[in-house]
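Participant: Return atomic coordinates for the entry below.
(one chain, ligands or ions: 2)
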Amino acid sequence: MSKTDPTGTRQALSYASYLALDELLDAQRPRSDEHDELLFIVIHQVYELWFKQLLHETRYLQENLEAGRTAHATRTLRRILTVLKVVVEQIDVLETMTPSQFSSFRARLDASSGFQSAQFRELEAVLGRRDERVLTHYPEDSAQRKRIVDAMSRPSLFDSFLTYLAESGYSLPRRADVTRPVEPSPDLQAVLLKVYRDDGGQSVVAEHMVDLDEGMQEWRYRHVKMVERTIGDKTGTGGSSGATYLRSTLFRPMFPDLWAVRSQL
Ligand code: HEM
Ligand SMILES: N[C@@H](CC(=O)c1ccccc1NC=O)C(=O)O
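Facilitator: Ligands and ions are numbered 1, 2, ... in the order given. Now for the predicted structure:
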């Protein structure tokens with residue numbers, strides 16, 4: 001395959017053109033002359049690429065679940081979990097940056113912050129988070145805000161998991177309104193206990209859902225520790241109390257029913 005350049009000349013596909021490296025490698029633009037700022041930018045860009053891939057895979061996972069395809073869903077979940085592991089471990093790289101190295105360019109970040117990562121918020125919404133407060137960081141009418149709002153109004157991954165169980169023959173209560181947060185449900189927990197006792201492919205999928213929930217919580221924990229060691233108790237550039245706020249977001253499971261049943265297994 002070949003494509004034409006702006007002068008109309010045919011260009012053979014190459015490594016650089018296939019991967020759009022001119023654009024990609026031109027997209028790191030430090031605002032200071034400090035050595036460490038490039039690492040900060042690269043890490044965040046890598047995160048956003050992985051978030052893109054995770055959103056791509058979760059969409060596929062939902063399709064597989066809703067079609068009752070256990071093997072495909074399990075494989076996709078494994079890929080998602082492997083990527084999640086990589087993004088959690090990536091925090092090690094940023095932790096090689098000392099507080100004073102970060103302080104050398106932190107003021108140049110102005111009021112920008114992780115609160116503005118639309119893909120992270122979209123991922124949370126796809127998994128099941130329903131919290132309109134996150135929208136305050138995105139301008140009305142922005143494409144980013146619309147993607148988060150859309151994700152909050154579609155069935156979440158947890159809803160697709162429930163559809164999958166129903167497809168597999170388990171009769172269970174449907175969630176009346178997918179735009180509302182998941183409330184723990186004793187009726188649903190009774191069905192989940194049966195899923196685990198039957199010990200089929202559905203229980204493997206359920207275990208991977210727990211892995212996913214645990215992985216997201218691990219990310220939060222590692223992020224908070226990174227924040228504590230890098231900026232201590234300083235307030236965040238995004239206007240929050242910083243580490244104190246972030247600590248309050250720990251232990252907020254996405255799939256509470258899957259945790260609740262474990263004391264009965
Ligand atoms: C030195 C490194 C980092 C520091 C000091 C830091 C600090 C903070 C702080 C203080 C907040 C609270 C918002 C605020 O008031 O600013 C926050 C939120 C956030 N950060 Fe970071 N961060 C770091 C790296 C990262 C990385 C690598 C990511 C990956 C994308 C990330 C993603 C987020 C997200 C998604 C939030 C929102 C969390 C929530 O509201 O639950 N941060 N960060
Ligand atoms: N909120 C951080 C700054 C920060 O980490 C950040 C700034 C801009 C873009 C991404 C960031 N990462 C995650 O919050 C701080 O208060 O130092």
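Participant: quick one: residue 147 from ligand 1, how far?
Facilitator: Going from residue 147 to ligand 1 by Cβ to the nearest ligand atom, to the nearest Å gives 15 Å. For the C-beta atoms, the positions are set from N, CA and C on the backbone; glycine is no exception.
Participant: Looks like that residue contacts residue 122 (just checking).
Facilitator: Yes. The pair residue 147 / residue 122 is scored as a contact, 5.2 Å apart, by Cβ atoms under 8 Å.
Participant: more neighbours, these two?
Facilitator: More crowded of residue 147 and residue 122, by other Cβ atoms under 10 Å: residue 122, with 24 against 17.
Participant: Now the terminal residues of stretch 250-257, how far apart.
Facilitator: Taking Cα to Cα, to the nearest Å as the measure, stretch 250-257 stretches 17 Å from start to finish.
Participant: Any buried residues in it, and which?
Facilitator: Residues of stretch 250-257 classed as buried by neighbour count (16 or more other Cβ atoms under 10 Å): 253-257.
Participant: Mean confidence (pLDDT) on that stretch, please.
Facilitator: Stretch 250-257 carries an average pLDDT of 94.
Participant: How about residues contacting that stretch?
Facilitator: Applying Cβ atoms under 8 Å, 6 or more residues apart in numbering, the contact partners of stretch 250-257 are 124, 127-129, 158, 161, 182, 184-185, 188-189, 192, 209-210, 212-213, 216-217, 220-221, 224, 259.
Participant: Restricted to strands, list these.
Facilitator: Among the contacts of stretch 250-257, DSSP state E puts none in strands.
Participant: in the stretch 1-150 of the chain, which spans are strands?
Facilitator: Along the stretch 1-150 of the chain, counting by DSSP state E, counting those that start in this stretch, strands occupy 2-4, 10-12.
Participant: between those strands, which one is nearest to residue 178?
Facilitator: In terms of Cβ to Cβ, the element of the strands of the stretch 1-150 of the chain nearest to residue 178 is strand 2-4, at 42.2 Å.
Participant: Now for residue 264, how many residues are close by?
Facilitator: Residue 264 is flanked by 10 other residues according to other Cβ under 10 Å.
Participant: Just the buried positions in stretch 221-234, please.
Facilitator: For stretch 221-234, burial by neighbour count (16+ other Cβ under 10 Å) applies to 221-224, 226-227, 230-231.
Participant: ok, now stretch 181-198?
Facilitator: Using 16+ other Cβ under 10 Å as the test for burial, stretch 181-198 gives 182, 185, 188-189, 191-192, 195-196.
Participant: pLDDT value on the residue nearest to residue 93 when sequence neighbours are not counted, please?
Facilitator: If the residues on either side of it in the chain are set aside, residue 93 comes closest to residue 43, at 6.2 Å by Cβ to Cβ, 6 or more residues apart in numbering. In this model, residue 43 is scored at 98, pLDDT.
Participant: Also the one 5 residues further on?
Facilitator: Residue 48 is assigned a pLDDT of 98 by the prediction.
Participant: Setting aside sequence neighbours, what's the nearest residue to it?
Facilitator: Of all residues not flanking residue 48 in the chain, residue 119 sits nearest, at 5.9 Å (Cβ to Cβ, 6+ apart).
Participant: Can you lay out the buried residues of stretch 221-234 as JSON lines showing pLDDT?
Facilitator: Converted to JSON lines, those look like this (pLDDT from 0 to 100):
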{"residue": "221", "pLDDT": "98"}
{"residue": "222", "pLDDT": "98"}
{"residue": "223", "pLDDT": "98"}
{"residue": "224", "pLDDT": "98"}
{"residue": "226", "pLDDT": "98"}
{"residue": "227", "pLDDT": "98"}
{"residue": "230", "pLDDT": "98"}
{"residue": "231", "pLDDT": "98"}
